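Colleague: Show me how the following folds:
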Amino acid sequence: MMIPACRLVDLPRGEAYRLDIDPPVSVFHTDDGEVFAIDDTCTHQDASLADGWLEGCEVECPLHASKFDLRTGAVDAPPAKRPVRTHEVHVEDGMIYVQLSLDAPNLPPCVAARFAGGPA
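Modeller: Okay, the predicted model is just below:
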């Protein structure tokens, strides 16, 4: 599924935009002008990666400083152990679109229970 996120001109370099879908997705515009999309929730605990710190192609979680590679979703620094899911990004006519991955998200247990309909 291709989802329109925002206009490229509305997402300054070095910033993130959060798509409020289930589960949420963050779109990052790096200082180098690249655009990436990953699941917004840290795989360690329930924290928004859009609220984290962007440096190069890496985002640092604002809660416990786990770091994730925006290109691959890989964990670059603990305490997170599982990668975040990445999504394809397309920029067409100045609009950023996110092609959602069909892979299952790696959500922390407290968040996964909410999406499964169980207690948080």
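Colleague: quick one, what contacts the most centrally placed residue in the chain?
Modeller: Geometric centre of the chain, nearest residue: I38, 2.9 Å, by CA atoms, centre = their mean. Residues in contact with I38 (CB atoms under 8 Å, 6 or more residues apart in numbering) are 25-26, 28, 49, 59, 68, 70, 73, 84-87. Any C-beta I mention is one placed from the backbone N, CA and C, and that applies to glycine too.
Colleague: in the protein, which spans are strands?
Modeller: For the chain, applying DSSP state E gives strands covering 2-7, 15-19, 25-29, 35-39, 53-55, 58-60, 67-69, 75-77, 86-92, 95-99.
Colleague: And for A16, the neighbour number?
Modeller: Residues near A16, counting by other CB atoms under 10 Å, number 23.
Colleague: Over to I21?
Modeller: Considering only other CB under 10 Å, I21 is surrounded by 12 other residues.
Colleague: Next: M1.
Modeller: 7.
Colleague: For the residue nearest to it when sequence neighbours are not counted, give me its contacts.
Modeller: Once flanking residues are discounted, M1 sits nearest to L100: 5.0 Å by CB to CB, 6 or more residues apart in numbering. Residues counted as contacts of L100 (CB under 8 Å, 6+ apart) are 1-3, 25, 87.
Colleague: Equivalent analysis for S101, please.
Modeller: 85-88.
Colleague: Can you tell me how far the residue nearest to the centre of the chain is from D93?
Modeller: Taken as CB to CB, to the nearest Å, the spacing of I38 relative to D93 amounts to 24 Å.
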